[in-house]
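Participant: build the 3D model from these lines:
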Amino acid sequence: MAKQIKAIKCPHCGSINKSEVKADHFKCNSCNTEYFLDNDDININHNVNYNTPNFNPVLGRKMALFIGIGVFAFILLTLIIPAIFRSSSPSPSFNKSAYQAPERDDFFWHYRETITYTNSKGEVIVLIFGNRNYMGNDNKAKEGTYLSFFNLLSAKEIKTQKIDGIAEATHTNFQLRQFPDGKIYGIANKTNVFEIDKENYTASDVTQSLFKGHSKLASGIANAEFAYDSYGHAFNLMSNEGANVFFYPLENKIYTKDEVYAAQRALVTKEPNEKLKTKFDFTSLSSDYPEEKIQLIRFTMKDSQGGPDDDAHLSWRNDHFVGRSLTSFGSKFVRNFIDLTPGRLYFKPDILYSDDDYVVITANKTAAEAAPTNIQCIDAKTGQLVFTYPFPTNQRFEDAIRYKDGIVVKSYSLILAIGLDGKLIKEFKIK
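Facilitator: Model (predicted):
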């Protein structure tokens, strides 16, 4: 049969752009499809080629060789060599029966009170009274009420005593206070009263024995707290029968609230041979004389000698009878007074400690609300500044004590020992 002339198109993409490979065999220049003509029925048979690059067998063998070498090197470095060294080293013996898991003593104080004091050697002791919470479920049995004693300067724990039998309370509460005779008492949850042995670093429960012999407390103690400072050095107690009384351990005497008020009023009465004591206080801002600056006042008043006492709360008032006067909300128990540091400015001051030699105070550096706190030691007789220790931030310090090398001041979580030269001796943080 004679051939008919037709336009030959690529059966894959339809292009007529082609190259003849051999007789009646063509290759599409557009998609690389190879096809040929069948002369009998003019069929077009095609072989699709997706432009796959030609494979170089020599190059392929080289690549396979490199990959094999890399895999072998990886196995050699990570598995075979370490195994050789491990096998050449003696294996440590492991005695399961002798093994003990490491004990975790990590804890933090939860609901606590802190006090500082000096022992008979003159060492400063930090006493912490409160609940310890331990980390980890394995240590839950350790949790409870503890007394811990630390040496301030070495920061070493001297002794810790766990105290069992503390009555449950709606609000957990711990208190510590040192009385003028040097004795330290602690109260837990307003129910258990303890006396602290300052030398042997222990505590004993005196809830019953301390108040023994007082008929008003014969039914037992339902609630115990330390009295406010304005009442003097006392316990504020409630009996199991609901009677509210004040116990003054220095006198070993019970007062009702009315009897406390009567004793406070008696401080006003002057007696021929009365015993006086010296105290210090800052004046409060006066509404009658708003131009008056806050002053540090040294004054004397009748010594209650362990019985009910009172605070001064000094302020300048315009008295209708005597004119401008320094009063204590109407109380007249102040015998004499002086402005210890005339002309000096104070911003939010507070007295931490005083004795015959020194007054230790804190005050903000400037009038700014959150100004850094200054700790100052002042000569109690002359008013001269002994030192100023500038604390870098605003900090509320609660109280202070004096020891042989200087002053110790305390906040809730920080205790500082400062020399009389104003240099920091030790910083003790309570975790």
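Participant: which parts of this protein are helices?
Facilitator: In the chain, the helices defined using DSSP state H lie at 57-75, 81-88, 257-266.
Participant: in terms of mean pLDDT, which of those helices ranks lowest?
Facilitator: Lowest mean pLDDT within those: helix 81-88, a mean of 49.
Participant: what count of nearby residues applies to P180?
Facilitator: By other CB atoms under 10 Å, the residues close to P180 number 10. C-beta here means a position set from N, CA and C on the backbone, and glycine is covered the same way.
Participant: was I right to think it contacts G306?
Facilitator: Yes: using CB atoms under 8 Å, P180 is in contact with G306, at 7.1 Å.
Participant: what residues do those two have in common as contacts?
Facilitator: 233, 250 (CB atoms under 8 Å, 6 or more residues apart in numbering).
Participant: report the beta-bridge partners for the nearest residue to Y228 once chain neighbours are set aside.
Facilitator: In space, and not counting its chain neighbours, Y228 is closest to N236: 7.9 Å by CB to CB, 6 or more residues apart in numbering. Beta-bridge pairing of N236 under DSSP bridges involves E225, F246.
Participant: and N236, what does it touch?
Facilitator: So N236 contacts 224-228, 244, 246 (CB under 8 Å, 6+ apart).
Participant: in ChimeraX, select just the buried ones from those.
Facilitator: To isolate the buried members of the contacts of N236 in ChimeraX, using 16 or more other CB atoms under 10 Å:
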select :224,226,227,246
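Participant: which stretches of the stretch 51-200 of the chain have low pLDDT?
Facilitator: 51-105 (pLDDT under 70).
Participant: go with 50
Facilitator: 51-55, 57-59, 85-104 (pLDDT under 50).
Participant: strands of that one, residue ranges please.
Facilitator: Listed in chain order, the strands of the stretch 51-200 of the chain (DSSP state E, counting those that start in this stretch) span 107-118, 124-134, 144-151, 157-163, 174-178, 184-188, 192-197.
Participant: and those as JSON lines, adding distance to E427?
Facilitator: Shown next, in JSON lines, are the strands of the stretch 51-200 of the chain (distance: least, CB to CB, whole Å):
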{"stretch": "strand 107-118", "distance to E427": "13"}
{"stretch": "strand 124-134", "distance to E427": "12"}
{"stretch": "strand 144-151", "distance to E427": "13"}
{"stretch": "strand 157-163", "distance to E427": "17"}
{"stretch": "strand 174-178", "distance to E427": "21"}
{"stretch": "strand 184-188", "distance to E427": "23"}
{"stretch": "strand 192-197", "distance to E427": "24"}
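Participant: care to break the chain down by domain?
Facilitator: Following automatic domain parsing, one gets these domains for the chain: 1-53, 107-266, 276-429.
Participant: if we can go back for a sec, most packed of the strands of the stretch 51-200 of the chain?
Facilitator: strand 184-188 (a mean of 23; mean count of other CB atoms under 10 Å).
Participant: and that strand, how far from the chain's centre?
Facilitator: A distance of 22 Å separates the centroid of the chain from that of strand 184-188, by CA atoms, centre = their mean, to the nearest Å.
Participant: the inter-axis angle of it versus strand 144-151?
Facilitator: Interaxial angle, strand 184-188 versus strand 144-151 (axes from the mean of the first three to the mean of the last three CA atoms, to 10 degrees): 150 degrees.
Participant: state the distance from the closest residue to I163 other than its chain neighbours to I115.
Facilitator: Nearest residue to I163 in three dimensions, chain neighbours excluded: T145, at 4.6 Å (CB to CB, 6+ apart). Using CB to CB, to the nearest Å, T145 is found at 16 Å from I115.
Participant: before we move on, what about D339?
Facilitator: Taken as CB to CB, the span from D339 to I115 is 32 Å.
Participant: could you do G182 as well?
Facilitator: On the measure of CB to CB, G182 and I115 end up 12 Å apart.
Participant: over to K18?
Facilitator: From K18 across to I115, the span is 105 Å (CB to CB).
Participant: do the same with K293
Facilitator: Distance from K293 to I115, by CB to CB: 33 Å.
Participant: go on, N200?
Facilitator: As for N200, its distance to I115 is 17 Å (criterion: CB to CB).
Participant: cool, V386 as well?
Facilitator: For V386, the distance to I115 (CB to CB) stands at 24 Å.
Participant: show residues contacting stretch 112-127.
Facilitator: 128-131, 147-153, 158, 174-178, 184, 186, 196, 198-199, 201, 401, 403-404, 408, 410, 412, 415, 417, 428, 430.
Participant: rerun at 7 Å
Facilitator: 128-131, 147, 149-153, 174-176, 178, 184, 196, 198-199, 401, 403-404, 408, 410, 415, 417, 428, 430 (CB atoms under 7 Å, 6 or more residues apart in numbering).
Participant: so what's the residue count around the nearest residue to A380 once chain neighbours are set aside?
Facilitator: Leaving aside its sequence neighbours, A380 sits nearest to V359 (CB to CB, 6+ apart; 5.2 Å). Neighbourhood size, V359 [other CB under 10 Å]: 23.
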